[in-house]
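S.K.: I would like the atomic coordinates for the input below:
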Amino acid sequence: MLFLVLFASLAVGLYTAAATNAIVDETVASVLEVRAEGNGRLAQLVDLMYLGDWVSLYLALDAGVDPGPIDAIARLKDELAR
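M.R.: Below is the predicted model:
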């Protein structure tokens, strides 16, 4: 299993990242740390969201899982639309 640590350099301190890695490293085979690119927090957040979306898509395809609509998200959207 792979755990992907995504964080913006301004949003998470080094202590938090190190603590997360230490705890997660005991459970998974490898930890991949990715730092956000971009000027400003919003740009960094969008950069990490974009990367996370692509990672989840490729992992789903690799596992033979349909990355299409997710029932829990559809239900949440319906509930929030009320």
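
S.K.: give me the number of residues near residue 41?
M.R.: Residue 41: 13 surrounding residues under other C-beta atoms under 10 Å. For the C-beta atoms, the positions are set from N, CA and C on the backbone; glycine is no exception.

S.K.: cool, residue 61 as well?
M.R.: With other C-beta under 10 Å as criterion, residue 61 counts 11.

S.K.: wait, doesn't it sit right on residue 67?
M.R.: Yes. Applying C-beta atoms under 8 Å, one finds residue 61 in contact with residue 67, separated by 6.6 Å.

S.K.: now name the helix or strand holding the residue positioned nearest the centre of the chain.
M.R.: The residue lying closest to the centre of the chain (C-alpha atoms, centre = their mean) is residue 52, at 4.5 Å. Using DSSP states H and E, residue 52 falls within helix 41-62.

S.K.: mind exporting the next helix or strand after that helix as CSV, just the C-alpha atoms?
M.R.: Per DSSP H and E, the first helix or strand lying C-terminal to helix 41-62 is helix 71-81. Provided in CSV are the C-alpha atoms of helix 71-81 (Å, rounded to 0.1, in the frame of the first residue of the first chain):
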residue,chain,number,x,y,z
ASP,A,71,-22.5,6.9,-4.5
ALA,A,72,-21.5,8.6,-1.3
ILE,A,73,-20.5,11.8,-3.1
ALA,A,74,-23.7,11.7,-5.1
ARG,A,75,-25.8,11.3,-1.9
LEU,A,76,-23.9,14.2,-0.2
LYS,A,77,-24.5,16.5,-3.2
ASP,A,78,-28.2,15.6,-3.1
GLU,A,79,-28.4,16.4,0.6
LEU,A,80,-26.5,19.7,0.3
ALA,A,81,-28.8,20.7,-2.6
